[in-house]
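Chemist: Got a predicted structure plus its sequence, pasted below:
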Amino acid sequence: QVQLVESGGGSVQAGGSLRLSCAASGSIRSIGDMSWYRQPPGKQRELVGVITSVGSTKNYADAVKGRFTVSRDNAKNTVYLQMNSLKPEDTAVYYCNAWVVTREPLRANGYWGQGTQVTVSS
C-alpha cells in the first residue's frame, strides 16, 4: 500500500505565498511522474504541473506559469508546490498524484493524496 500525505495548505492574502508538500510512503520501489492538481469550488479538477523522476517540470497550467514551481526530493519521496503571487482565483483544494511502482506486489499504479485546502483572500 502507498499513502500520499499533503501538508502546507491554509489561508493567505492575495500576493502572498504558500508551499505545499506531499510525502509518499509505503511499499515503494520507485516513483515516476509526480503531479499537482487543484479543484476550485464548483469546478472540475485541473492539472497544475508535473515533474518527472529526474526533475524535469512540464505541463504547467497557463494560469500558474511564472508563479508556481513544482520540485521534488527523491530521497524523501516528496513533491513540493511553491506558490507565489497568489490570487483569489487560486483558491482550491490541491491534490498531489504520483505514479508509483510498489515492491510487493510488483505493480505500477497512480495514487492520490487526500487534498489540502488553499484559500486566497483579496
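Modeler: Sure thing, it's come through.

Chemist: Now do the strands in the protein.
Modeler: Along the chain, the segments classed as strands by DSSP state E run 2-7, 10-13, 18-26, 28-39, 46-51, 57-58, 68-73, 78-83, 92-102, 107-112, 116-121.

Chemist: Pick the most buried one from these.
Modeler: Highest mean neighbour count among those (mean count of other C-beta atoms under 10 Å): strand 78-83, with a mean of 22. For every residue, glycine as well, the C-beta is placed using N, CA and C.

Chemist: Compute the inter-axis angle for it and strand 68-73.
Modeler: Calculated by axes from the mean of the first three to the mean of the last three C-alpha atoms, to 10 degrees, strand 78-83 forms an angle of 160 degrees with strand 68-73.

Chemist: which residues are contacting strand 78-83?
Modeler: 17-24, 34-36, 48-49, 51, 64, 67-73, 90, 94, 96, 98, 118 (C-beta atoms under 8 Å, 6 or more residues apart in numbering).

Chemist: what's the answer for stretch 2-16, then?
Modeler: Residues from elsewhere that reach stretch 2-16, judged by C-beta under 8 Å, 6+ apart: 18-28, 85-88, 94-98, 100, 102, 109, 111-122.

Chemist: least reliable of the strands of the chain going by mean pLDDT?
Modeler: Across the strands of the chain, the stretch with the lowest average pLDDT is strand 57-58; it has a mean of 83.
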